[in-house]
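Trainee: Whatever this is, show me its structure:
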Amino acid sequence: MLLKTRFYLPPLRPQCVWRQPLLDRLNQSPGGGLTLVMAPAGYGKTTLVSQWLHACPHTFTWLSLDKSHNSPSVFWRYALAALQQIQPSLGGEAERLAQQAPQKQADLVISLLNDLEDLSVGIQSDQPVSLILDDFHLLQNPLLLDALNLFLDHLPAGIRVVMTSRDEPPLMLPRRRAMGQVTLLTSEELRFSLPDSERFFNQTLQLALASDAISRFHHDTEGWITGLQLISYSAHFAAPHDSKRIPMESRNLDRHIADYLFDEVFRSLAPELQTFLLTSALPRRFCAGLCNALTGTNQALQHLATLEKANLFLVPLDNCRVWFRLHDLFRQFLLQQMELPEHAASRTQAVEGIDWLRQAGHYEDGIALSIRLQQWPQIEALIQLLQMLSPEGTLSDDATRLIYTVPATAYAPDRYPILHMVRMADETPTATVALKDEDEQGTDLILVGAEPLTRRELQVLTLIRQGLSNKDISDTLFISLNTLKVHIRNLYGKAGVENRTQFLLKLAGPK
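Mentor: You can find the predicted model right below:
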């Protein structure tokens, strides 16, 4: 007996953002080929295809897959039943072969292709017939995948196969791309743009959030749709004028997002991949050599290939796919997991990654990892090395920003004087508070009579004057939002104002 709901087109969600450019891409995908919508969990793959079918009516049939469809006999029974919803007489011989000789998949596929060719000839439409296979990543049976490759190789021009998948299916995609037989939509196309995020929060959900709050959420999620949806659950409990209270303001991951990533992504991974991901989250970026040092193994290349194929929030940083980073929210989730006591041994082993970065000449990355692992002697050694290598004996802006993120209470100043000296250099009062603003035709902005500003307060003041949001300022200066708020409160106190509007007016001076 077949489960009828497997053939039901998912209804349109009320919180659905219209994606017309993507709908056009799907509508223009040709017959005789594969249309693959491929992205990690939560990028709206199924929603997009459902939206397309509702918006662009044509002959189609839908099949939602699960792991039971790895059995060839089960899969073909469902696939034939789905196609028979278009034409009941289609696939009669193939159905008989599926029952009597399920091991002879090639004969079944050929018989089905012949019937689809007859169907294709009789189509009175510019649009091909669409066979939708949702959640194709659940199919792993090599024999079944071989049969589906044969099916795609000889697909009639009037038939289009549309798949949604979390990972790249083994369907000879490079060859099909070279032959123009694949239309591919990935997370790069599926992620929300900033205007999409604005429409989602303020038009679809009618939350009336401030633009800087939406920009912050969009930046933190990198347009990941489910991340934005989960943030919206918290946003419903914040007043419109109090959007800064919504989680994501801190670096502690919202529990809805953490739960989703654990259930939908992390828990199903093999233990060795879980450990590899947890360790690779420690540095800002990573490559196979660094990961081998972090984990004390030589399996990094294999694990990276597996993760990239599985589309697990891995972002390549170069065309050669040597260096990678993790999606920021996924990295936050992994770093929270890494703090659990059972991962103490992995954190200890990861210290070896600092030496690897130093020997490879990636000194700032070594400082970042040392800070993450609280290896203060290693930080001091890297500071001295950078100062020796610099003609002026100074640190790079990146290194200075990183060191400033170290809380003054995290280390003993008398034990680590070099770190302390660099860390506190930014707190030395400056002799002048005159700032050059190139955006205002070189006008000098003076806080007359104010107390001297520290170097960091001057940097914050300059960025406020440039119109940056708190999130953008904290990212630019590599400081936490809480630290930034302290600097802003100090600036307001020295200027004798209570909010940003008053502060900007005082900076502008009398008109």
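Trainee: who are the neighbours of the helix or strand hosting residue 220, in terms of helices and strands?
Mentor: Here residue 220 sits within helix 211-221, counting by DSSP states H and E. Helices and strands touching helix 211-221, as assessed by 3 or more C-beta pairs under 8 Å, 6 or more residues apart in numbering; DSSP states H and E, comprise helix 194-198, helix 225-235, helix 328-338, helix 470-477. Glycine gets a C-beta too; all of them are placed from N, C-alpha and C.
Trainee: buried ones in that helix?
Mentor: For helix 211-221, burial by neighbour count (16 or more other C-beta atoms under 10 Å) applies to 212, 213, 214, 215, 216, 217, 218, 219, 220, 221.
Trainee: Output these in a markdown table; the columns should cover distance to residue 393 and pLDDT.
Mentor: Conversion of these to a markdown table gives the following (distance: C-beta to C-beta, whole Å; pLDDT from 0 to 100):
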| residue | distance to residue 393 | pLDDT |
| --- | --- | --- |
| 212 | 39 | 85 |
| 213 | 42 | 85 |
| 214 | 44 | 87 |
| 215 | 39 | 88 |
| 216 | 37 | 86 |
| 217 | 42 | 87 |
| 218 | 41 | 89 |
| 219 | 35 | 87 |
| 220 | 37 | 84 |
| 221 | 41 | 88 |
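Trainee: How about the contacts made by residue 301?
Mentor: Counting by C-beta atoms under 8 Å, 6 or more residues apart in numbering, residue 301 touches residue 288.
Trainee: my guess is it is in a helix, correct?
Mentor: Yes. Counting by DSSP: H, G, I helix; E, B strand; the rest coil, one finds residue 301 located in a helix.
Trainee: for this structure, what helix or strand is lowest in average pLDDT?
Mentor: Within the chain, confidence by mean pLDDT, DSSP states H and E is lowest for strand 443-445 among all helices and strands, at a mean of 35.
Trainee: and the next element down the chain from it?
Mentor: Using DSSP H and E, the first helix or strand after strand 443-445 is helix 455-465.
Trainee: which helices and strands sit right next to that following helix?
Mentor: Where contact means 3+ C-beta pairs under 8 Å, 6+ apart, helix 455-465 is packed against strand 435-437, helix 470-477, helix 481-495, helix 500-508.
Trainee: Recalculate using a threshold of 6 Å.
Mentor: Packing contacts for helix 455-465, counted by 3 or more C-beta pairs under 6 Å, 6 or more residues apart in numbering; DSSP states H and E, involve helix 481-495.
Trainee: Mind listing what's buried along the helix it packs on?
Mentor: For helix 481-495, the neighbour count (16+ other C-beta under 10 Å) marks 481, 484, 487, 488, 490, 491, 492, 494, 495 as buried.
Trainee: So what's the residue count around the residue nearest to the third one when sequence neighbours are not counted?
Mentor: Residue nearest to residue 487 in three dimensions, not counting chain neighbours: residue 460, with 4.8 Å by C-beta to C-beta, 6 or more residues apart in numbering. A count of nearby residues for residue 460, using other C-beta atoms under 10 Å, gives 25.
Trainee: Relative to residue 130, how far out is residue 35?
Mentor: From residue 35 over to residue 130 the distance is 8 Å, taken as C-beta to C-beta, to the nearest Å.
Trainee: list residues touching both of those two?
Mentor: In the contact map built from C-beta atoms under 6 Å, 6 or more residues apart in numbering, the residues linked to both residue 35 and residue 130 are residue 162.
Trainee: Run through the strands of this protein in chain order.
Mentor: All strands of the chain, identified by DSSP state E, fall at 34-38, 60-64, 129-134, 159-165, 182-185, 314-316, 324-326, 435-437, 443-445.
Trainee: Which positions in stretch 158-170 come out as buried?
Mentor: If you call a residue buried by 16+ other C-beta under 10 Å, then stretch 158-170 has these buried ones: 158, 159, 160, 161, 162, 163, 164, 165, 166, 167, 168, 169.
Trainee: Please apply the same query to stretch 94-102.
Mentor: With burial defined by 16+ other C-beta under 10 Å, the residues of stretch 94-102 counted as buried are 94, 95, 97, 98, 102.
Trainee: who's in contact with that stretch?
Mentor: Taking contacts as C-beta under 6 Å, 6+ apart, the residues outside stretch 94-102 that touch it are 72, 73, 76, 80, 107, 108, 111, 112.
Trainee: Let me know how buried the fifth one is, in neighbour terms.
Mentor: A total of 13 residues lie near residue 107 under the criterion other C-beta under 10 Å.
Trainee: likewise the last one?
Mentor: Neighbour count for residue 112, taken as other C-beta under 10 Å: 22.
Trainee: Same check on the second one?
Mentor: Other residues near residue 73 come to 15 when the count uses other C-beta under 10 Å.
Trainee: Pull up the gap between it and residue 170, please.
Mentor: With distances taken as C-beta to C-beta, residue 73 is found 21 Å from residue 170.
Trainee: One more: the fourth one?
Mentor: Distance, residue 80 to residue 170, using C-beta to C-beta: 23 Å.
Trainee: same question, residue 182
Mentor: As for residue 182, its distance to residue 170 is 14 Å (criterion: C-beta to C-beta).
Trainee: just residue 413 next, same as before
Mentor: The gap separating residue 413 from residue 170 is 57 Å, by C-beta to C-beta.
Trainee: again with residue 132
Mentor: Taking C-beta to C-beta as the measure, residue 132 and residue 170 are separated by 20 Å.
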